[in-house]
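Q: Sequence isn't available, so here's the structure alone:
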Ligand SMILES: Nc1ncnc2c1ncn2[C@@H]1O[C@H](COP(=O)(O)OS(=O)(=O)O)[C@@H](OP(=O)(O)O)[C@H]1O
Ligand SMILES: [Mg+2]
Ligand SMILES: [Mg+2]
Ligand SMILES: [Mg+2]
């Protein structure tokens, strides 16, 4: 049976997994540090905690190559993005708590039957609003998952009202995250406008943000793992990635303390509510060679920047027998049977770790798993917001991400990844990566996957 150990809703014991992976923790190369790289690169005016709404300075328009050469760019954008994702995570935590403890009537089905919730729309609204207010509306293009079609229908008036309330109570706390709140609460039209300005067609700009307000909505509604994913794409390159993971504690061992699990394993005594960090935000800037993780701001507390961020690094495990691979929970999203065959031929002996959302990329970046594989069914086009933030974070943490043909993922074509060859593979190291790619080549044609449905 696969170990779905990150499933907070799962009844399966997770000691086995926690035991297995403690060895990966020993390989951590970077101990906890209070030092945050952003501080080093930050212009003087932004060293001090202040509202970005007062900083309407022009956003860098220089080309990617220049930015990489100086290492000075995107500093402001990164800080704004991390703060905005922190705020979004706080919103999500409150909505998820309500969803779990009360009814599911805030969960709607989209045309493709996938779920969408108050949190998806509300996060899209606040991130859109914050980025525009902070960086200047004319500087900001956003491509994001949700649209307002179903929210604007007359019969959705109650739902829209809940979204507006959720957005306004979140924005009222903006000062805690270093932002200025709106002068007056946003009305329904303003909220709809903030959501819909994130067009899901190609924005007119060569530099744009990609946002998945709630990635892994299924995990979210099940009280499980999910992520808020924000990235900045400049001339087709992902230059910033920020992943908010509200149910992925700073210390993986603390997963055991999550509400549902604790009830089952009562011999564990959880620490006092406010003394452990239930979630984290992970972020990286392309070319920096560093990925960082900071705790989620606790309810009612102020985000201090730079706060206690610590560097994360991929696992040093390169022996397949010691390695853990992770994959989507839903077999409709990735072929579990194909990855099981791959795992067998590569010599991956451990059970797969099935985790909702881009938290999978976070597990690789943090060194809690060594490989992530996704093989969607034929014809499925991967959307950029489902991968952009995770890819740059894993790469800067020392990992490798390519398609199954060994090519980098191509974010240059708008909404969808361009020319993706078969599937996506992220690995902690090049050697492991190479083995998996060879195994895909060896098994692709002999499996039935080359011809028809991949996800089974
Ligand atoms: N058919 C199909 N095949 C592949 N991928 C699909 C498919 N349908 C949806 N999606 C996208 O998968 C996102 C969730 O991916 P996960 O890896 O988290 O999958 S899983 O929930 O763990 O099964 C999910 O993201 P969210 O909608 O943000 O949750 C979708 O964008
Ligand atoms: Mg998604
Ligand atoms: Mg989503
Ligand atoms: Mg969705």
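A: Everything's here; your move. What you see is a predicted model; the values in this text were computed from it and never measured. Ligands and ions are numbered 1, 2, ... in the order given.

Q: the strands in the stretch 251-400 of the chain, which residues?
A: Using DSSP state E, counting those that start in this stretch, the strands found in the stretch 251-400 of the chain span residues 280-285, 291-295, 310-312, 325-327, 353-354, 371-374, 400-403.

Q: contacting residues around the last one?
A: Put plainly, it is strand 400-403. If you take CB atoms under 8 Å, 6 or more residues apart in numbering as the criterion, strand 400-403 is touched by 390-391, 394-395, 408-409, 420-427, 429-430, 433, 437. Placement of C-beta: from N, CA and C, glycine included.

Q: Which ones among the residues you listed map onto helices?
A: Counting by DSSP state H, the part of the contacts of strand 400-403 found in helices is 390, 391, 394, 395, 430, 433, 437.

Q: Tell me how far the last one lies from ligand 4.
A: What it means is residue 437. Distance check for residue 437 against ligand 4: by CB to the ion, to the nearest Å, it reads 29 Å.

Q: and what of residue 373?
A: 21 Å.

Q: For that residue, which residues count as its bridge partners?
A: Legend: beta-bridge partners of residue 373 under DSSP bridges are residue 425.

Q: can you pull the contacts of it?
A: Counting by CB under 8 Å, 6+ apart, residue 373 has contacts 325, 327, 334, 339, 342, 423, 424, 425, 426, 436.

Q: Minimum distance to ligand 2: which of the strands of the stretch 251-400 of the chain has it?
A: Proximity to ligand 2 (CB to the ion) singles out strand 371-374 among the strands of the stretch 251-400 of the chain, at 11.8 Å.

Q: ok now the closest one, how far from the chain's centre?
A: In this view, strand 371-374 has its centroid 15 Å away from the chain centroid, taken as CA atoms, centre = their mean, to the nearest Å.

Q: and it, what's its mean pLDDT?
A: Averaged over strand 371-374, pLDDT sits at 98.

Q: go on, stretch 181-194?
A: Mean predicted lDDT for stretch 181-194 stands at 98.

Q: Quick one: end-to-end distance for that stretch.
A: The straight-line separation of the ends of stretch 181-194 (CA to CA, to the nearest Å) is 15 Å.

Q: What are the buried residues along the longest helix along the chain?
A: Longest helix in the chain, counting residues (DSSP H): helix 75-101. Using 16 or more other CB atoms under 10 Å as the test for burial, helix 75-101 gives 75-96, 99-100.

Q: which stretches of the chain aren't confidently modelled?
A: Applying pLDDT under 70 to the chain flags residues 1-72, 103-106, 200-204, 254-276, 448-456.

Q: what ranges do the helices span in it?
A: In the chain, helices defined by DSSP H lie at 15-26, 37-41, 44-47, 64-70, 75-101, 118-135, 157-172, 188-196, 217-221, 259-264, 336-346, 359-366, 388-396, 430-444, listed in chain order.

Q: Are any of the contacts of strand 400-403 buried, and if so which?
A: By 16+ other CB under 10 Å, these give 390-391, 394-395, 409, 420, 422-427, 429, 433, 437 as buried.

Q: and the two most separated of those residues?
A: The distance between the two most remote of these (CB to CB) is 22.2 Å, for 420 and 429.

Q: Would you mind listing what in the stretch 351-456 of the chain touches ligand 2?
A: residue 386 (CB under 5 Å from the ion).

Q: Close to ligand 3: what parts of the stretch 351-456 of the chain are there?
A: Checking the stretch 351-456 of the chain against ligand 3 by CB under 5 Å from the ion, there are no hits.
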